[in-house]
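Trainee: Build me a model from this:
(chains A and B)
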Amino acid sequence: AQTVTQSQPEMSVQEAETVTLSCTYDTSESDYYLFWYKQPPSRQMILVIRQEAYKQQNATENRFSVNFQKAAKSFSLKISDSQLGDAAMYFCALKSAGTASKLTFGTGTRLQVTL
Amino acid sequence: KAGVTQTPRYLIKTRGQQVTLSCSPISGHRSVSWYQQTPGQGLQFLFEYFSETQRNKGNFPGRFSGRQFSNSRSEMNVSTLELGDSALYLCASSSLSTSYQETQYFGPGTRLLVL
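Mentor: Numbers count the residues shown, from 1 in each chain, chains lettered A, B, ... in the order given. Prediction:
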């Protein structure tokens, strides 16, 4: 079985500052993908960024980047220059070759952005 | 391209009734997955359909079923509703295959309340 753990139920960041959300995972598979999804109050789940496990280079998407530590099974999300629109629930998720289409999600981190 | 659409967006039912939720994937996507989101259990995978066949199934009772049509639209059905079935039901689609490498894109969800 694979698991995803997000140990920070809530985080807060000031506008324009940087924040890092933590995620650890466990899987026996060697081929897998990791994702960060954002769920704003509208409840629409939006893909933020994804990382292929076989790639050593950390993925980046504009202000969003990850720190992927494969040996430590850690996958944190860094949000730079935080904006009010970044306020949302953030879910870390894992999909592996053994589970095909099934995404395993963490419990989420609620991010507040303050002025 | 239009995103994933789900109907209805909100639904109120009483215990013992049955309900059918609908999901239309992104044009060209042939894989549709369903997830249940509750405050207590978080996001849980229900099942996944590809080319009208169920390819993957989560750990839910037989009251939860689904199907997929030739145009890739999918429906899920919950029979004999229980209070615990109150949840946000999310549908996600991905392109071409059930591969774990495919990113899933989510719809806005259907919020089901069972009274």
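Trainee: pLDDT below threshold where in the chain?
Mentor: Reading this off chain A. Residues of chain A meeting the criterion pLDDT under 70: A:98.
Trainee: you looked at the wrong chain, it should be chain B
Mentor: For chain B, the stretches flagged by pLDDT under 70 are B:1, B:96-101.
Trainee: In contact with the residue nearest the centre of chain A, which residues?
Mentor: Most central in chain A under CA atoms, centre = their mean is A:Trp36, positioned 3.2 Å from the mean C-alpha point. Contacts for A:Trp36 (CB atoms under 8 Å, 6 or more residues apart in numbering or on different chains) come out as A:21, A:23, A:47-50, A:64, A:66, A:75, A:77, A:90-93. Placement of C-beta: from N, CA and C, glycine included.
Trainee: Filter those residues down to the ones in strands?
Mentor: A:21, A:47-50, A:64, A:66, A:75, A:77, A:90-93 (DSSP state E).
Trainee: Redo these as a markdown table? Include distance to chain B and neighbour count.
Mentor: Converted to a markdown table, these look like this (distance: CB to the nearest CB, whole Å; neighbours: other CB atoms under 10 Å in any protein chain shown):
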| residue | distance to chain B | neighbour count |
| --- | --- | --- |
| A:Leu21 | 16 | 23 |
| A:Leu47 | 6 | 16 |
| A:Val48 | 11 | 21 |
| A:Ile49 | 10 | 20 |
| A:Arg50 | 6 | 17 |
| A:Phe64 | 15 | 16 |
| A:Val66 | 15 | 25 |
| A:Phe75 | 15 | 28 |
| A:Leu77 | 16 | 24 |
| A:Tyr90 | 12 | 23 |
| A:Phe91 | 7 | 25 |
| A:Cys92 | 11 | 27 |
| A:Ala93 | 8 | 23 |
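Trainee: Many thanks, have a good one.
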